[in-house]
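In: when you get a sec, could you give me coordinates for this:
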Amino acid sequence: MVRVLLPLALLLIAFWVYSIVDCALQPPTRHRGVSKPVWLLIVVLLPVVGGILWLVVGRSRPRQAPVFRAPDDNPEFLGRIGSISDQDERIRRLEEELAALDSEDEDPTHLPDGDDRPDARA
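Out: Residues are numbered from 1 along each chain as shown. Next comes the predicted model:
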């Protein structure tokens, strides 16, 4: 009987210590239900049951960090930028606006020799 109870008692004590250490070392963001100090009290005061509760209820799984993707590898981004025909239409419109601005810049008072002064014409 002692051969069975002694290893079982050692196993339960090891589980209890593991539960306390695990609860104490987890960041507060990984505790579900109640706060970290309350979980520590539960685990310490209820050795086996508290440890089981901690592992089943109190401990949350780590969240995966979001994976950074370059814009040309991100399908969501590529879907938002529009189709190629939309881009071609925008380019065509911008070229028309630039041509209109260039035609407005041609000033009829501009002299061919580069002298823009109105009194230099005389």
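
In: tally of neighbours for E104?
Out: 8 (other CB atoms under 10 Å). For every residue, glycine as well, the C-beta is placed using N, CA and C.

In: return the distance of it relative to L98.
Out: 11 Å (CB to CB, to the nearest Å).

In: go on, I20?
Out: Applying CB to CB to I20 and L98 gives a distance of 72 Å.

In: next, the buried residues of the longest helix along the chain.
Out: Longest helix of the chain, by residue count under DSSP state H: helix 2-25. Within helix 2-25, the residues scored as buried using 16 or more other CB atoms under 10 Å are 16, 19-20, 23.

In: quick check: next helix or strand after the lowest-mean-pLDDT helix or strand in the chain?
Out: Least confident helix or strand, the chain: helix 75-80 with a mean of 71, by mean pLDDT, DSSP states H and E. Remark: after helix 75-80, the chain's next helix or strand is helix 84-105, criterion DSSP states H and E.

In: other SSEs contacting the helix or strand harbouring V49?
Out: Using DSSP H and E, V49 sits within helix 47-53. When contacts are defined as 3 or more CB pairs under 8 Å, 6 or more residues apart in numbering; DSSP states H and E, helix 47-53 sits against helix 2-25, helix 36-45.

In: using CSV, write out every CA atom in the shortest one.
Out: Provided in CSV are the C-alpha atoms of helix 36-45 (Å, rounded to 0.1, in the frame of the first residue of the first chain):
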residue,chain,number,x,y,z
LYS,A,36,-3.6,36.4,-11.2
PRO,A,37,-3.4,36.7,-7.4
VAL,A,38,-6.8,35.0,-7.0
TRP,A,39,-5.6,32.1,-9.2
LEU,A,40,-2.5,31.8,-7.1
LEU,A,41,-4.7,31.6,-4.0
ILE,A,42,-6.9,29.0,-5.6
VAL,A,43,-3.9,26.8,-6.7
VAL,A,44,-2.2,27.1,-3.3
LEU,A,45,-5.2,26.5,-1.1
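
In: cool, thanks, signing off.
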